[in-house]
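> coords please:
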Amino acid sequence: MNTNNIILVGLPRSGTTLTCHLLNKLPNTVALHEPLKPILFKDDSPAEITHRINQFCEQQRQSLLSQGIAESRTIGGKVPDNHIQGINQETGKRANKIDGDTLKIEKSLSHDFTLIVKHNAFFASILNILSEAFQCKAVIRNPLSVLLSWNSVDMAVKQGYAPAAERFDQNLKQLLRTENDRYQRQIYLLNWYYNQIHENIEPSNIIRYEDIISSGGHQLSSITPNARELNEPLRSKNNNALYDDKIKPFLAEKLLKQDEGGYLYYYSKENIKEILEP
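Predicted structure coming up:
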């Protein structure tokens, strides 16, 4: 396996797309936003999955070096800092504005450039396999902010589902499909993501969204040393004005009832209470 190929995973709405956007600003670095189709891996063995992902990385490396393009979900040919933009007039929720599947770069790359491939649900569901074969990094975020964001977007997580993950984790699928309350499904799913990361990724390879923001992106140097030069004017969205304040106390109460595991590996109850402050 090429050690310059890096797997990036995180919770949906935790800042992984922003991470890719920032990494693409760096020299000799390319980050791809969800370029794979998880359903195509459904019947593969663990060995086949790792082989095919490695093969995909090598294909993208050759394409980038020869043509300056790679497969990636994009807006206007670039990975945006946030692919959820604008409001769906029918639902009143924020909508996905992805409009392309090809990333175009305008920088020179050496043969050993750093390639990052990001998927959230898919990679989280096979993280035990990926962590044996690739360098794996993760982005996490305050759990209350994650839930508030989930409830503001037109995505499966708003209903407490993760189809790409459920294809590969039958226990997760059964847990979510037998729970009638969508908010409780969200809590189950939130815990599942944090547990997958906790069980399969070393703490030094886990990056908090809050630290990315406060460092202007410098914290991403744990993915590539090139990020030490980042000094972007970033602003935290943990208390986004687009979030529904009416459900904030309700969701916080659900989170604060938990006493172990999941998000509490990384965020204290005091961290959760901080988001309740105006």
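
> Tell me where the model's unsure across the stretch 51-200 of the chain.
Residues of the stretch 51-200 of the chain that meet the criterion pLDDT under 70 lie in 85-92.

> quick one: buried residues of stretch 104-114?
The neighbour-count check on stretch 104-114 (16 or more other C-beta atoms under 10 Å) flags 105, 109, 113-114 as buried. No exception for glycine: its C-beta is placed from N, CA and C like everyone else's.

> what sits against Asn231?
Neighbouring residues of Asn231 by C-beta atoms under 8 Å, 6 or more residues apart in numbering: 216-218.

> what helix or strand is it on?
According to DSSP states H and E, Asn231 maps onto no helix or strand at all.

> With Leu220 as the reference, measure out to it.
As defined by C-beta to C-beta, to the nearest Å, Asn231 lies at a distance of 12 Å from Leu220.

> Please apply the same query to Leu127.
Distance from Leu127 to Leu220, by C-beta to C-beta: 20 Å.

> In terms of neighbours, single out the busier of these two.
Regarding Leu127 and Leu220, a neighbour count based on other C-beta atoms under 10 Å identifies Leu220 as having more, with 27 against 20.

> Next, the contact list for the more buried one, please.
Contacts for Leu220 (C-beta under 8 Å, 6+ apart) come out as 19, 22-23, 207, 212, 227, 230.

> With respect to Asn120, which of the residues you listed is nearest?
Comparing those against Asn120 with C-beta to C-beta places Thr19 closest, at 11.2 Å.

> For the closest one, what is the enclosing helix or strand?
Following DSSP H and E, one finds Thr19 within helix 16-23.

> What are the buried residues along stretch 207-224?
Within stretch 207-224, the residues that count as buried by 16+ other C-beta under 10 Å are 207-210, 212-213, 215, 217-220, 223-224.

> any idea how far Leu242 is from the residue lying closest to Ile84 once chain neighbours are set aside?
Distance criterion C-beta to C-beta, 6 or more residues apart in numbering; nearest residue to Ile84, sequence neighbours excluded, is Arg94 at 4.7 Å. Distance, Arg94 to Leu242, by C-beta to C-beta: 7 Å.

> So those two - more neighbours on which side?
The residue with more neighbours, out of Arg94 and Leu242, is Arg94; 19 against 13, by other C-beta under 10 Å.

> Fine by me, thanks again.
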